[in-house]
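Undergrad: Provide a 3D model corresponding to the input given below.
(2 chains)
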Amino acid sequence: MSELTLLLIRLAFLAVLWFFVIAAVGVIRTDLFGSRTAPAGPRKGVKPAKPMAKPKSKKGEPRQLIVTGGPLQGTTINLTETPITIGRANDATLVVSDDYASSRHARLFPQDGQWIVEDLGSTNGTYLDRSKVTRPTPVPLGVPIRVGKTVIELRK
Amino acid sequence: MPAKRRLAQLVMLAFAVAITMGAYANVGLAMNGEIPSGMLTYGLSLGGLMLAAYLVLAKFAPWADPLILPLVTVINGLGLVMIFRLSESPSKLPSATLASPNSQILWTLVGVVLFSVTLIFMRDHRALQRLTYTAGALGLLLLVSPLTPGLGQELNGARIWIGIPGLGQLQPAEFAKLALVVFFAGYLVAKRDVLALAGRRLLFIDLPRARDLGPVLITWGVSLGILVMQKDLGSSLLLFGTFIVMLYIATQRSSWVIIGILLFVGGALLAGMLFDHVQARFEVYLNPEDPELFKKIGGSEQLMQGLFAMGSGGILGTGLGQGHPELIPLAFSDFIFAATGEELGLTGLMALLMLYALLVERGLRTSLAARDPFSKLLAGGLSFLLAWQVFIIVGGVTNLIPLTGLVTPFMSQGGSALLANWILIALLVRMSDAARRPPPQAIQNEGMTQVFQR
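TA: Numbering: from 1, shown residues only, chains lettered A, B, ... in the order given. Next comes the predicted model:
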């Protein structure tokens, strides 16, 4: 094997190794720059640069949490990016004084434009409409969530 | 909605196997002037194994990340080639005969089998959350098992092995890491609200309350115990670092990280003053060029030979099969990174580190996309475990931090670590499948029906 051939093989191998890395990055390109599903913008400036950046309240996205039943009926909370905890504990976002609620009863948090309800190991359970929440579940608009005697809903 | 990217995965997998075969050919051409006779066998067996792993993944975790498996394949393949290359060159060192590429490919086979078994039998990783305390007890048991008289064995100055009659040795600590990460994740999900409570404020940091320090102090004690009783600096650092980072992920309080660093530095300095074996490591770290340390048994020769090797590799390396990595003691296990550095140069090492970084990135991405807190913590913890392991061993080999005996994941020769890391990858794949699977579409207008994801 001549020196020159070996040199060429060595450089080629390194190039191929880097090509693999670049190809791998190519596969996850959508992760880094966002997906290019829509054709390049007809309206410039209005379009957000990254789809991951704060979506400007899209249609169908809840903006308010309204208590529709129980002692706190009529209370509204504006939804932001922060998760909402419900329970008897003083540090909960929505403090319910209810013998049927646990101190940290349930949690609502936003993910990819959806609000998810999660039971925090409460004694009497959290109900989304009529089914018990056993794992984090997306909450559609207008579907009642029951925590003890309190009923809440997400509204636009 | 994320796509499945099945084709991309298959193409990348074929590419990874092709790179490995190319590397084999390169080694053979450079050392003997011919393509090694075993290349086809090696290549085909690796290719077959990975195809099997791919099929299992496509069947049982169809939404899993398309990059994880190809990345692992190429790293594992490069490790196999380096071990093959080291076993080919004659060396005067006593340890050189231990490099055995055949047993390593056998371990890879077992690793892929374990990967498949984990994927097939664990359909929902959240089942692990129910085993929180079992996993914790199992992890501790595995950690202390080498200390049992009769079962444990001391090799190369560290008591981290257990002998299995007729089979050889096993490093239980490798598996203990996985069990403990599962335990940390389950425990922190349950306790994170309490641990995130702020106590007194000092300078710019919110200190946690004093009574919440318990878990940190216990983990600190356990990892110092490993350091002192088993003389295993690597596992000790790995365990404590992972716990601190998972605590940070769970509570988002930087004060935990600061407390953790202070505790570990304090503990390590104390151990350095009190115990000889830790002190010896520090001496080597501070003055590796010292001729007396170089000559001493267990001194700085290994470290310096590794640095020499990487130095002679330079930017582009000497080329596979054309350097002299056989001069480094234990080049096939702890120092495989230095051996690779000599033959592939800085360019190759950077590519290798990029592969690890991409693998960790996929893991963290899984953690971000996961829907429940347990998965978030477990995925974050496991990917950090991988990254931290690479950092500790690469930092040790390049003398950035004191050298500790950890393996380079997927590259170093050694069955236990390879098996444990394949299980880790199976867990990540399982979680990324759950995270990327599209959520069930809630039916908005027909309010009576609710679709659940099972």
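Undergrad: From here on, just use CA atoms for contacts and neighbour counts.
TA: Fine.
Undergrad: For chain A, what's the nearest residue on the stretch 251-400 of chain B?
TA: For the stretch 251-400 of chain B, the residue closest to chain A is residue B:319, as judged by CA to the nearest CA, at 5.2 Å.
Undergrad: That residue and residue B:346 touch, don't they?
TA: No. At 11.6 Å, residue B:319 does not count as touching residue B:346 under the criterion of CA atoms under 8 Å.
Undergrad: Show me which of those two is the more surrounded one.
TA: residue B:319 (26 against 19; other CA atoms under 10 Å in any protein chain shown).
Undergrad: The closest residue to that one other than its chain neighbours: what's it in contact with?
TA: Leaving aside its chain neighbours, residue B:319 sits nearest to residue B:343 (4.8 Å; criterion: CA to CA, 6 or more residues apart in numbering or on different chains). The contact partners of residue B:343, taken as CA atoms under 8 Å, 6 or more residues apart in numbering or on different chains, are B:313, B:317-323, B:325.
Undergrad: same question, residue B:273
TA: residue B:279.
Undergrad: Centre of the chain to stretch A:103-120, how far?
TA: 9 Å (CA atoms, centre = their mean, to the nearest Å).
Undergrad: neighbours around residue B:398, how many?
TA: If we define neighbours as other CA under 10 Å, then residue B:398 has 18 of them.
Undergrad: if we can go back for a sec, is it true that the residue of the stretch 251-400 of chain B closest to chain A lies in a strand?
TA: No. Counting by DSSP: H, G, I helix; E, B strand; the rest coil, residue B:319 falls outside a strand, being coil.
Undergrad: Please tell me how far it sits from residue B:356.
TA: Taking CA to CA, to the nearest Å as the measure, residue B:319 and residue B:356 are separated by 21 Å.
Undergrad: same question, residue B:400
TA: With CA to CA as the criterion, residue B:400 and residue B:356 are 19 Å apart.
Undergrad: more crowded one of the two?
TA: residue B:356 (19 against 13).
Undergrad: That one: what's it in contact with?
TA: So residue B:356 contacts B:71, B:387, B:390 (CA under 8 Å, 6+ apart).
Undergrad: could I get the residues you listed as JSON lines with neighbour count, secondary structure and distance to chain A?
TA: Shown next, in JSON lines, are these (neighbours: other CA atoms under 10 Å in any protein chain shown; DSSP: H, G, I helix; E, B strand; the rest coil; distance: CA to the nearest CA, whole Å):
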{"residue": "B:71", "neighbour count": "24", "secondary structure": "helix", "distance to chain A": "8"}
{"residue": "B:387", "neighbour count": "19", "secondary structure": "helix", "distance to chain A": "17"}
{"residue": "B:390", "neighbour count": "20", "secondary structure": "helix", "distance to chain A": "18"}
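Undergrad: Out of these, which is nearest to residue A:133?
TA: Nearest to residue A:133 among those, counting by CA to CA, is residue B:387 at 35.5 Å.
Undergrad: Surely that closest one is in contact with residue B:357?
TA: Yes. With contacts counted by CA under 8 Å, residue B:387 reaches residue B:357, the gap being 7.4 Å.
Undergrad: Where does pLDDT dip in the chain?
TA: Let's take chain A. For chain A, the stretches with pLDDT under 70 are A:1, A:30-60.
Undergrad: wrong one, chain B
TA: B:1-3, B:91-98, B:150-160, B:164-168, B:197-211, B:440-454.
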